[in-house]
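Q: Sharing a sequence plus its predicted fold:
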Amino acid sequence: MTRRLTGIPARIHRAAAAGLLAASLAIPGTAALVAAPAMAQETPVRGGVLNSIVQPEPPTLMLGLNQQGPTQTVAGKIYQGLLTYDRKLNPLPSLAESWTVSPDGLTYTFKLYQNVKWHDGKPFSAADVVFSTSKFLMEVHPRARAVFSRCESIKALDDHTVEFKLKEPFPAFIQAFEVSSAPIVPAHIYEGGDYRTNPANTTPIGTGPFKLKEWVKGSYIQLVRNEDYYKKDLPYLDGITFRVIPDAASRSLALESGQVQQTQYSDLEPFEVPRLKTLPNVTLTTQGYEFVAPMAWLEINHRVKPLDDKRFRKAIAYAIDRKFIRDKIWFGLGRVPTGPINSVVKFYDPKVTTYEPSPEKAKALLDEMGLKPDAKGVRATVKLMPMPYGETWTRLGEYLKQALGKVGVAVVLESTDAAGWAQRVANWDYEITTNFLYQYGDPALGVARTYISSNIRKGVLFTNTMGYSNPKVDELFDQASRENDPAKRQEQYSEVQRILSDELPVVWLLEMEFPTFLDKRVRNANTSAIGVNDTYESVWLAK
Amino acid sequence: MLGFAQLFASRLVKAAAILIAIVVMNFFLVHAAPGDPAMVMAGEAGAADEKFVAQLREQFGLDRPLIEQLATYVGKVMQGDLGFSYRQQRPVRDILAERLPATLVLTLTAFVLALAAGVALGTLAAVAVGTWADSAITVIALLAYATPIYWIGLMLSLLFSIQLGWLPAFGYETIGAGYTGLAHVADVAAHLILPVITLALFYMAGYARLTRASMLEVRGLDFVKTAKAKGLTKSRIVTRHVLRNAILPVITVAGIQAGQLVGGSILIETVFAWPGIGRLAFEAVLQRDYQVLLGIFLVTSVMVILFNILTDILYGLVDPRIQVSQ
């Protein structure tokens, strides 16, 4: 892809391609076929640099110390976990070649690849895995700490075999080895010292197919091929360059002009997507976010009246049109949720109470609570603090104000920046806010934390900040996390979904999908459940 | 010459005192904003527990009393140490040293261009007052002044980068090209054109309008009539008599704006992905990266003070009648 748009011919070309694409979209499912058949027959070629975007610029690329989204996308090519996952969230090899789980669900044994080397040339061994999971991550990684504290012992059986023994069954354990959840770090560099101030943090040393060549702060991060990668002939790419482009409009221009061949997560505002997907040089996919499975909701502080009344929360749910939110605010990106578990995550159950938009039902519930409209038609006033994560969230806030206003719930919008928002939500200093959390492939890892009462912890973000408490829910989440039998687990999670969808501790708004645009020359990218965060070892560029 | 040296010395002493006051005030202002870096990092990571947040606070030194933090900071600044950004894991001085040149290249080029073009256009408009040239310059200046700066930037890159393909749309240099010497300078210059024009247009409009108005005012004064009566050439009257007097308010405004250029460059640096200090400041605010933010404030304060001194000196040079009081 060189300079594409030079005057009229290009524009005609673009219009023709847009027409073609529109025609193929008319028949559902055929859009993907336009590019797919060619890919299957081609042989990968070596060489070429993939240009992508990183936004915002990560504070560090030491993935063990920082798991911010952009850090994961870049450092996911440098560091590796033991496993990665397919679109159905089944484990696939990464640093571990194979693994076994004992029938009692207590012992997990991983066989590691041979001949793996760190980027500084030192051999990688089971000792690195033991150090990473039992010491390093336990010290610095909140999610990993929660998982690996369930281990009774972590041992290297030989140089290439690691055994995890759990204190009690925890079937979600197998979902916990993805690169951002449990990145493996070099013991020979970190053992003994202070992890956070280690000078090596600025020159990350991993095992992945790409190494850091240069990071010009504020400009770009340049990764180059790891010539000693343990998989023969991989990676195909000479390198990957991530450009820091702070302005959303400039990011879409970069894609449009072919200066970058990939955008991911929130690089583009949803309102840009309808326009960009008609470009002839790119394809759009929303796959590759199954592992994070983001779920957006209205977070409601149960300590504030009348928000503590489930009838009020139900009235809110009936007052808003979530299809409208999906189609008009997120421009079709995402799915309308039914309950607390994202439909791409295991143990999802759609058979729950659902809330079709119905202002009448909302008003009836408010009437039942004794909230009668005053002279101005106002039954109650609530404060809404939209999440300060871009324009789309602001628009959502404005829509909610309108929708709730129609049933007599006056909304006062409060604005903050990200730091203020985080502090206020963590300290329960809010009434309603919008928020989204990742679900990490298993309800025990990414769903339970929001609803269980043991996770009501002031001053800590992404906990049960609503103050919701139901002993039955606590018990079901607890049992299900320890249940080895998938059928029984499903029953427990189904029941918890039924209870939560009736009590509405939060009002679920959207199973979010992020748009990933890829230049049509990029092959094999974004193939797993961690999508753009994967190693990209077999990605290649067609000429 | 002695007068200059004395003036300079006394101004520097005053400047030092002002700077210390600025450092202390900035420190409290920055810490008055809600939220702290630990919370921001926890929020960005998407997960947190008590231990994580507490560790970060300890690392940032936020668990100490505010006064103690201030004392530590001021003490370090006195020794020329601007502190350490835990977020970026590097000394603030290194971060600033890396980002400041990009901003200076951008803003100073834009500033010089804006001043030269603005004064020239303003002079032209004043000389040709009432003609089509005057109207055209006035309209262009008004448009450039009233149009949002980021919009101009986006439109320029849409036209010159996307449609015509003449100039790079963003960035400081071609990544991975490995240019050296003249080729590198040319590469940076090509990247510089669009952001410089965008930034310069806005200031240029101001200077043009100011020069025009000021010249029209001076033109009617008695000494100009005298000069005319003496039979001086028109160009000599314009340059030696009118412009020289009319330029003083332009210098005043330019002196103030030169100090503010860093602030004005935030939008430009964002739109054009220019790795400068304006954007760094913006990000540091969002991330509550206190040390970096304080460092930037300090550097920009120094710049404002320097430009003020420069402006005063320039007054004296342009119009020797203005005595610089100490």
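A: Now that the structure is in, tell me what you want to look at.
Q: Skip the chain neighbours and tell me the closest residue to residue 170.
A: Unless you meant another one, I'm taking chain A. residue A:150 (5.2 Å; Cβ to Cβ, 6 or more residues apart in numbering or on different chains). In this view, the C-beta of every residue, glycine as well, is placed from N, C-alpha and C.
Q: nope, chain B please
A: residue B:273 (3.9 Å).
Q: coming back round to it: based on its surroundings, how many neighbours for the residue nearest to residue A:170?
A: If you count neighbours by other Cβ atoms under 10 Å in any protein chain shown, residue A:150 ends up with 17.
Q: returning to that earlier point: would you agree the residue nearest to residue B:170 is in contact with residue B:171?
A: Yes: Residue B:273 lies in contact with residue B:171 (Cβ atoms under 8 Å); the separation is 5.5 Å.
Q: Residue numbers of the stretch 201-326 of chain B in contact with chain A?
A: B:269-273, B:275-276, B:279-280, B:283, B:285-288 (Cβ under 8 Å from any Cβ of the partner chain).
Q: Go through these and give me the one with the most neighbours.
A: residue B:272 (33 neighbours).
Q: so residue A:91 bridges to which residues?
A: For residue A:91, the beta-bridge partners are residue A:85 (DSSP bridges).
Q: My read is that it contacts residue A:97, right?
A: No: at 11.9 Å, residue A:91 does not count as touching residue A:97 under the criterion of Cβ under 8 Å.
Q: Among the two, which residue is more densely surrounded?
A: residue A:91 (18 against 14).
Q: Report the separation between the more buried one and residue A:161.
A: 17 Å (Cβ to Cβ, to the nearest Å).
Q: Can you classify the closest residue to residue B:169 other than its chain neighbours as helix, strand or coil?
A: Spatial nearest neighbour of residue B:169, excluding adjacent residues (Cβ to Cβ, 6+ apart): residue B:161 at 3.6 Å. Secondary structure, DSSP: H, G, I helix; E, B strand; the rest coil: residue B:161 is helix.
Q: Next, work out how far apart residue B:161 and residue A:280 are.
A: Relative to residue A:280, and taking Cβ to Cβ, residue B:161 is found at 18 Å.
Q: okay, those two: which has more neighbours?
A: residue B:161 (23 against 15).
Q: Just give the number of residues close to residue B:77.
A: Residue B:77, neighbours per other Cβ under 10 Å, totals 19.
Q: Check which residues of whichever strand or helix holds it are buried.
A: Element membership for residue B:77 (DSSP states H and E) is helix B:66-78. Across helix B:66-78, burial judged by 16 or more other Cβ atoms under 10 Å in any protein chain shown covers B:69, B:70, B:73, B:77.
Q: Out of these, which comes closest to residue A:87?
A: Minimum distance to residue A:87 across the buried residues of helix B:66-78 is 48.7 Å, recorded for residue B:69 (Cβ to Cβ).
Q: What residues does the closest one make contact with?
A: B:27, B:31, B:61, B:62 (Cβ atoms under 8 Å, 6 or more residues apart in numbering or on different chains).
Q: Which members of those residues are classed as buried?
A: Going by neighbour count (16+ other Cβ under 10 Å), the contacts of residue B:69 have B:27, B:61, B:62 buried.
Q: So which of these belong to strands?
A: Assigned to strands by DSSP state E, none of these qualify.
Q: contacts with chain A among those residues, please.
A: Okay, of those, nothing touches chain A (Cβ under 8 Å from any Cβ).
Q: For the residue most central in space within chain A, which non-adjacent residue is spatially closest?
A: Taking Cα atoms, centre = their mean, the centroid of chain A lies closest to residue A:292, which sits 3.1 Å from it. Using Cβ to Cβ, 6+ apart and skipping the chain neighbours, the partner closest in space to residue A:292 is residue A:438 (4.1 Å).
Q: Double-check the one you found against residue A:290; I have them as touching.
A: No: proximity of residue A:438 to residue A:290 does not meet the contact threshold set by Cβ under 8 Å, at 10.9 Å.
Q: so residue B:259 sits right up against residue B:303, yeah?
A: Yes: between residue B:259 and residue B:303 there is a contact at 5.7 Å, judged by Cβ under 8 Å.
Q: contacting residues around the residue in the stretch 351-500 of chain A that chain B sits nearest to?
A: For the stretch 351-500 of chain A, the residue closest to chain B is residue A:419, as judged by Cβ to the nearest Cβ, at 2.8 Å. Shown in contact with residue A:419 (Cβ under 8 Å, 6+ apart): B:33, B:34, B:35, B:36, B:37, B:39, B:40, B:43, B:286, B:287, B:288.
Q: By pLDDT, rank these and give me the bottom one.
A: Lowest in pLDDT among these is residue B:43, which has 74.
Q: What pLDDT does the model give the residue nearest to that one when sequence neighbours are not counted?
A: Leaving aside its sequence neighbours, residue B:43 sits nearest to residue A:422 (Cβ to Cβ, 6+ apart; 3.9 Å). At residue A:422, the model reports a pLDDT of 88.
Q: and residue A:422, what helix or strand is that in?
A: Assigned by DSSP H and E, residue A:422 falls in helix A:418-426.
Q: Identify each buried residue in that helix, please.
A: A:418, A:419, A:420, A:421, A:422, A:423, A:424, A:425, A:426.
Q: now do stretch A:495-512
A: A:495-497, A:499-501, A:503-512.
Q: Tell me which residues are up against the helix or strand bottoming out on mean pLDDT in chain B.
A: For chain B, counting by mean pLDDT, DSSP states H and E, helix B:37-45 ranks last in confidence among helices and strands (a mean of 77). Applying Cβ under 8 Å, 6+ apart, the contact partners of helix B:37-45 are A:59, A:66-69, A:142, A:418-419, A:421-423, A:426, A:460-462, B:48, B:52-53, B:56-57, B:60, B:62, B:86-87, B:286-290.
Q: And the strands in chain B?
A: B:84-85, B:90-91.
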